[in-house]
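Peer 1: just coords:
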């Protein structure tokens, strides 16, 4: 990201548009990785009662980032012709902050226990994230051990293995539907073409930039001015769509992907969901101008239909996951996936899956005083 910022920052001085293209390409790769890694990390470190809230943190900061970029892009700030290289390269500031702070954060406790089999490091990580004397640490470790014992292998599976795994087909289908629906809801048609929409609504060109900032802030408020005396109903509708998106589907795909899969399947699920999310984003941005030319304002009915279909799918297929452990969520899907067997917690205690039972009998049942 630092290199991408430097490329775009010096592109005008060196008169090289190729540097902008390369910088955008590099920052795009970083953004794609971040939109998978950050929600997965938050989902794994969050206690189950706060998983929903923490899962929305990436979306909240994306909205804040969009609003900050819109504010800085005003002509009075960095929106002038000579300042655009600085505007494009400003993301190096949060990148530097991330580089300084990230080494202080421990690995995900689930990763340390389930994949690295390091109980002591898991306890240290949980102690760092929770109150030192929290009574929930032992409970969380026991829940992780239950998930560990239920896995045939603690190795992370590949994307192709996940696609071929019939035991998680409904979870995978749900992640695909929700990630694609996030973009096919039409939100990107608004983000990409906001200025054109407002210009067609009759807003004078000098004021379009401020109206665009208003949509970013709302994500906060809406103005209603329509037929005589209320000129810009379409502006209110645009703001309403943005507000509805931010309180609804904006953060759901990232949160749901973490909740629907166990440790070994989760990385591959994020890769599939992220790829389809960005492909849907590209599709909407590419197709929308042609759709608008052929259908006019009715083009949004296409997005409306998609939203209804996805809402029905979510109501029928996806169970309530609030305050549920990852294993409880997995068991709720087991009927739909036509699982060959189900094991109770008592049965799991007696089984030894590829040596993990020895972990249960040795280091995992410890006295809290040993670590605290």
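Peer 2: Yep, that arrived. Keep in mind that this is a model prediction, so the values were computed, not measured.
Peer 1: quickly note the distance from residue 180 to residue 252.
Peer 2: 12 Å (Cβ to Cβ, to the nearest Å). (Glycine included, C-beta is placed from N, CA and C.)
Peer 1: hmm, I typed the wrong one, I wanted residue 281.
Peer 2: Counting by Cβ to Cβ, the gap from residue 281 to residue 252 is 16 Å.
Peer 1: what of residue 34?
Peer 2: 18 Å.
Peer 1: the two: who's more crowded?
Peer 2: It is residue 252, of residue 34 and residue 252, that has more neighbours when counted by other Cβ atoms under 10 Å, with 19 against 15.
Peer 1: residue contacts, the nearest residue to that one once chain neighbours are set aside?
Peer 2: Counting by Cβ to Cβ, 6 or more residues apart in numbering, residue 252 lies nearest to residue 178, which is 5.9 Å off, once chain neighbours are set aside. When contacts are counted by Cβ atoms under 8 Å, 6 or more residues apart in numbering, residue 178 touches 249, 252, 253, 256, 273, 310, 314.
Peer 1: ok, residue 85 - contacts?
Peer 2: 8, 9, 10, 11, 12, 13 are the contacts of residue 85 under Cβ under 8 Å, 6+ apart.
Peer 1: can you tell me the element the residue lying closest to residue 83 once chain neighbours are set aside falls in?
Peer 2: Nearest non-adjacent residue to residue 83, counting by Cβ to Cβ, 6+ apart: residue 77, 7.9 Å away. Assigned by DSSP states H and E, residue 77 belongs to neither a helix nor a strand.
Peer 1: isn't residue 77 up against residue 68?
Peer 2: No: if you go by Cβ atoms under 8 Å, residue 77 and residue 68 don't touch, sitting 10.6 Å apart.
Peer 1: of those two, who's got more company?
Peer 2: Counting neighbours by other Cβ under 10 Å for residue 77 and for residue 68 shows that residue 68 has the greater number, 14 against 11.
Peer 1: average pLDDT across the strand or helix carrying the more buried one?
Peer 2: For residue 68, the host element (DSSP H and E) is helix 57-72. Helix 57-72 carries an average pLDDT of 78.
Peer 1: packing partners of that helix?
Peer 2: Contact here means 3 or more Cβ pairs under 8 Å, 6 or more residues apart in numbering; DSSP states H and E; on that basis helix 57-72 packs against helix 17-45, helix 205-218.
Peer 1: got the buried residues for the first one?
Peer 2: The one in question is helix 17-45. Residues of helix 17-45 classed as buried: 19-20, 22-23, 26-27, 35-36, 39-45 (neighbour count, 16 or more other Cβ atoms under 10 Å).
Peer 1: same question for stretch 94-105.
Peer 2: Buried, per 16+ other Cβ under 10 Å, within stretch 94-105: residue 95.
Peer 1: cool, and stretch 171-190?
Peer 2: Result for stretch 171-190 [16+ other Cβ under 10 Å]: buried residues 171-172, 174-190.
Peer 1: next one: it to chain centre, how far?
Peer 2: 12 Å (Cα atoms, centre = their mean, to the nearest Å).
Peer 1: again, but for stretch 76-83
Peer 2: From the chain centre to the centre of stretch 76-83 is a distance of 31 Å (Cα atoms, centre = their mean).
Peer 1: run a quick neighbour tally on residue 109.
Peer 2: By the criterion of other Cβ under 10 Å, residue 109 has 25 neighbours.
Peer 1: residues in contact with it?
Peer 2: Residue 109 touches 44, 45, 122, 125, 126, 129, 140, 141, 144, counting by Cβ under 8 Å, 6+ apart.
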